[in-house]
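Visitor: A predicted structure for the sequence below; I have some questions about it.
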Amino acid sequence: MTMIELEVIAGIDTHADTHHVAVIDTTGRRLGDAGFPTTLKGYKAIAAYIAAFGLVRRVGVEGTHSYGAGITQHLKDSGVRVVEVIRPNRQVRRMQGKTDQVDAYAAASAALATDDHPEPKQLDGLVEAARYIHAARRSAVKARTATRVQIKSLLVTAPEQIRARYRSTADTALFPALARTRPASEENMLTRTIMSSLKSLARRYQHLTAEIDVLEADLEQLVLEINPGLAQAKGIGTVTAAQLLITAGGNTDRLKSEASFAALCGTSPIPASSGFGHSSPTGSRRRPACKLRPPSNRPHSNDLRPTNPRLHST
C-alpha cells in the first residue's frame, strides 16, 4: 500500500532577533510550533523543522521585505514556495490575542485560505542593488536640502555686514564662496564663529553634492543594464526609472497586469460607499505613485500663459 505524504503549510511570525514558526495541515489542524534565531543556522533549522512534518505546499511569511527578508530568501533558494501574508487587523488581533504563537498560526491559516497571495520580491540581483543605491541617494538629497535651508536661515539672522556681503549672490556661487571663507583674525568672535559655521555647512553641501553625483552615475549604469528601454523613454529620468524598477521588483512575473502594478503603487481606484463611485486607495501617497503619470506633450513651461487676462503680466 502506497503511503500518501502529508501536505503541510507553515506560517512565520518574523522579528528582528527571532522567528516563530507554526505548521498546520491542509485541514487547518495544528501540528506544532517553535521559535528560532534569525541566523543562517536558524534559517536551516526552520527549513528542517517544517519539512519534518511532511510535504511543504507553501510557507506564509509576514514582512518578506523587512524582518522576514532573510528567511524568505533562504526558503526560496531551497525550492520552497513562499507567499507574503498580511498581518491581521487590530480588531481580529484584539479578539484572538497577540502572541508570537498566535501570529504564526494566523500566518499559516492565511497561507492555507487561498492560493491568491502576493509573491515576495526577489531580494538579489541588479534591482536589489539599485534599491540600495537609490536609498543612499535619497537620504543624501534630504541631507543636502536640509543643509541648504540651514545656510539660508543662518544668513537671514546674521549681522548686517555678513548679509550685505552675500545678499545678491546666487546659490551656484554662494556655497563655493562660503566654503572658501577664511575668517579674519581682526574680526570679532561672533563674526568669526558665524563664518566658520557657514563654511562648515557649505563644505558639507559640496560634499553631499559630490556624493549624489557619484550615486546617480552608479544608478544610471544599473538602470541601463536592467532595462535600457525604460531609461531611454521620453520623460523618464534615471531616478524615476529606478523607482519604477524597485517597485516592480526583480521578479516582474509576480505582476500579472498593469492593473496589479497600479494596485501595488496605490493608484488603482477602489469601490467607495454606495452611490459614490470609486476613490483612491489609502496608499495612494506611496513613493512610486507620482512616477506613474505618462510623459506629457504639453509645451515648455515658458510657453504657458494664464488663461485669465487679468493675470497676464505686462
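Guide: Nice, thanks for sending it over. Residues are numbered from 1 along each chain as shown.
Visitor: out of everything not next to it in sequence, what's closest to Asp171?
Guide: Excluding the flanking residues, the one nearest Asp171 by C-beta to C-beta, 6 or more residues apart in numbering is Arg148, at 7.6 Å. In short, each C-beta sits where N, CA and C put it, glycine included.
Visitor: Could you check whatever helix or strand the one you found lives in and say which residues are buried?
Guide: Arg148 belongs to helix 126-157 when assigned by DSSP states H and E. Using 16 or more other C-beta atoms under 10 Å as the test for burial, helix 126-157 gives 127-131, 133-134, 136-137, 140-141, 143-144, 147-148, 151, 155.
Visitor: Can you read off the pLDDT for the residue nearest to Asp171?
Guide: Arg148 carries a pLDDT value of 95.
Visitor: Next, the contact list for it, please.
Guide: Contacts for Arg148 were tallied using C-beta atoms under 8 Å, 6 or more residues apart in numbering; they are Asp171, Phe175, Tyr205.
Visitor: now those: which count as buried?
Guide: By neighbour count, with 16+ other C-beta under 10 Å, the contacts of Arg148 hold Phe175, Tyr205 as buried.
Visitor: and which of the contacts of Arg148 is nearest Ser197?
Guide: Checking these against Ser197 by C-beta to C-beta gives Tyr205 as the nearest, at 12.8 Å.
Visitor: Assign that closest one to helix, strand or coil.
Guide: Classification of Tyr205 using DSSP: H, G, I helix; E, B strand; the rest coil returns helix.
Visitor: so how far is His19 from it?
Guide: For Tyr205, the distance to His19 (C-beta to C-beta, to the nearest Å) stands at 43 Å.
Visitor: Could you do Val156 as well?
Guide: In this view, Val156 and His19 are 52 Å apart by C-beta to C-beta.
Visitor: which stretches of the stretch 101-250 of the chain have low pLDDT?
Guide: 185-186 (pLDDT under 70).
Visitor: Helices along that one, start to end?
Guide: With DSSP state H, counting those that start in this stretch as the criterion, the stretch 101-250 of the chain has helices at 126-157, 160-166, 171-179, 189-226, 228-231, 238-248.
Visitor: The last one packs against which elements?
Guide: Using 3 or more C-beta pairs under 8 Å, 6 or more residues apart in numbering; DSSP states H and E as the contact criterion, the elements in contact with helix 238-248 are helix 126-157, helix 189-226, helix 228-231, helix 258-265.
Visitor: Tell me which of those helices sits nearest to Arg163.
Guide: helix 126-157 (6.2 Å).
Visitor: Now do that closest one against helix 171-179, angle only.
Guide: Here helix 126-157 runs at an angle of 70 degrees relative to helix 171-179 (axes from the mean of the first three to the mean of the last three C-alpha atoms, to 10 degrees).
Visitor: Taking helix 238-248 as reference, get the angle to helix 126-157.
Guide: Using the same axes, to 10 degrees: helix 126-157 against helix 238-248 is 130 degrees.
Visitor: Spit out the contact partners of Tyr143.
Guide: You called it Tyr, but residue 143 is Ala. Contacts here follow C-beta under 8 Å, 6+ apart; on that basis Ala143 touches Leu208.
Visitor: how far away is it from Tyr49?
Guide: Counting by C-beta to C-beta, the gap from Ala143 to Tyr49 is 44 Å.
Visitor: Tell me how many other residues surround the nearest residue to Gln101 once chain neighbours are set aside.
Guide: Excluding the flanking residues, the one nearest Gln101 by C-beta to C-beta, 6+ apart is Asp33, at 5.5 Å. Asp33 has 20 neighbouring residues, counting by other C-beta atoms under 10 Å.
Visitor: so Asp33 sits in a strand?
Guide: Yes - according to three-state DSSP, Asp33 belongs to a strand.
Visitor: Can you tell me how far it is from Ser268?
Guide: 36 Å.
Visitor: ok, now Leu6?
Guide: Applying C-beta to C-beta to Leu6 and Ser268 gives a distance of 39 Å.
Visitor: same question, Arg165
Guide: 54 Å.
Visitor: cool, Arg144 as well?
Guide: Here the distance between Arg144 and Ser268 works out to 34 Å (C-beta to C-beta).
Visitor: Ok, Ile162 next?
Guide: 53 Å.
Visitor: same question, Arg87
Guide: 21 Å.
Visitor: With Ile236 instead?
Guide: Distance from Ile236 to Ser268, by C-beta to C-beta: 21 Å.
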